[in-house]
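Trainee: Just need the structure, nothing else, for what follows:
(chains A, B, C and D)
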Protein chains: 2
Amino acid sequence: MSDPETDPEILLRDFLGYHLKRAYVTVHADFRDIMGDAGLSTRVFSALAMVVGQQGITQSELARALGVERSGMVALIDELEGADLIRREPVPGDRRVQALQPTDRGVARFDELVALVRAHEARCFAGLDDTEKDMLLHLLHKVRMGGVTT
Amino acid sequence: MSDPETDPEILLRDFLGYHLKRAYVTVHADFRDIMGDAGLSTRVFSALAMVVGQQGITQSELARALGVERSGMVALIDELEGADLIRREPVPGDRRVQALQPTDRGVARFDELVALVRAHEARCFAGLDDTEKDMLLHLLHKVRMGGVTT
DNA sequence: TCGAATTGTTTAGTTCCATAACAGTTACAG
DNA sequence: CTGTAACTGTTATGGAACTAAACAATTCGA
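Mentor: Numbering: from 1, shown residues only, chains lettered A, B, ... in the order given. Okay, the predicted model is just below:
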């Protein structure tokens, strides 16, 4: 089993949640490092990806998709709009909502960022072969979906 | 594959890091819910587990083991000491360090908490069978260790 | 038509964490 | 020995990533 002299995580190692957090922190730190020059956080990148992937999505829809509060989206969208990567557009039928559209610059920038993120992921998950990566992704997805029946 | 109409996460779903974060947030939220009554955060629980598992560990060693800064440990240890779950003890040979020992109350409390956390994990990972849980734990451990060669 | 619900927004606050500096202590090179 | 480097716990400060509550404008629905 485990030798208390060499492994300090005697009791903690049995908890999946602990390993999940440590892995997340490790990967997130590397993301911050690689994106430091670009100045984009994970949330901002995720939001940009979502807008590029589903053009015309509203802020509320985006918040729901990303699992954060509406109020938290404002500063995030402000940042992306300030960088001229996306823009808010009024929607003819409903004057409450604003559809989010990526600018040409936003789409181009997103492609560059994807290359950076792919390199980051390649490095973070270098210890896993393709089969293991697929398995990990599948299991993580299952964990997220298992709790809440959308 | 994916239908853009039904799956808004068109571009994001290919990134392991995104799924890792979402799964972490989901599990962490459930942890907060179940431990809300006890009033202990994940970090405090982890620290208590570590002290119980390796009695006499110093604050610096604990910080290294948990992957946080020394300065961040102080308030955390204060909280545990204030709740009479652990105590700081001087070490004969070295007047700089303080060995952390769990109190009897701390050990008893930890056992109660472990039961809570096991229930929490059972619920969060209910969608996975035992083989999948083992696989997930193994993969997450590999991710954390792959990046940094300690 | 009038109350309920939704949208984007602001404000305020929480939590978790890092960075930098510090005084006290120990280790070590010369 | 001695002076310097390194390490310990600690404080102060601040930032990042949220959440909760309230708000006006708008739309929906009975």
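
Trainee: neighbouring strands for the longest strand seen in chain A, and are they parallel or not?
Mentor: Ranked by residue count under DSSP state E, the longest strand found in chain A is strand A:94-102. Counting by DSSP bridges, the strands paired with strand A:94-102 are strand A:57-58 (antiparallel), strand A:86-91 (antiparallel).

Trainee: The residue nearest to the spatial centre of chain A is in what secondary structure piece?
Mentor: Closest residue to the average C-alpha location of chain A: A:Ser46 at 4.4 Å, with Cα atoms, centre = their mean. A:Ser46 belongs to helix A:42-53 when assigned by DSSP states H and E.

Trainee: Report whether that helix contacts chain B.
Mentor: Yes. Residues of helix A:42-53 are located near chain B by Cβ under 8 Å from any Cβ of the partner chain, namely A:42, A:46, A:49-50, A:52-53. C-beta here means a position set from N, CA and C on the backbone, and glycine is covered the same way.

Trainee: What lies in contact with the longest strand of chain A?
Mentor: For strand A:94-102, the surrounding residues in contact (Cβ atoms under 8 Å, 6 or more residues apart in numbering or on different chains) are A:48, A:51-52, A:55-60, A:62, A:77, A:85-91, A:110.

Trainee: circling back to that earlier point, can you give the distance of the helix holding A:Ser46 from its chain's centre?
Mentor: Chain-centre distance of helix A:42-53: 7 Å, with Cα atoms, centre = their mean, to the nearest Å.

Trainee: who in chain A is up against DNA strand D?
Mentor: Within chain A, the positions adjacent to DNA strand D are A:41-43, A:67-69, A:71-72, A:93-96 by Cβ under 7 Å from any atom of the strand.

Trainee: could you check the angle helix B:130-147 makes with the helix or strand bottoming out on mean pLDDT in chain A?
Mentor: Counting by mean pLDDT, DSSP states H and E, chain A has its least confident helix or strand at helix A:130-147, which shows a mean of 90. Orientation of helix A:130-147 against helix B:130-147 (axes from the mean of the first three to the mean of the last three Cα atoms, to 10 degrees) gives an angle of 120 degrees.
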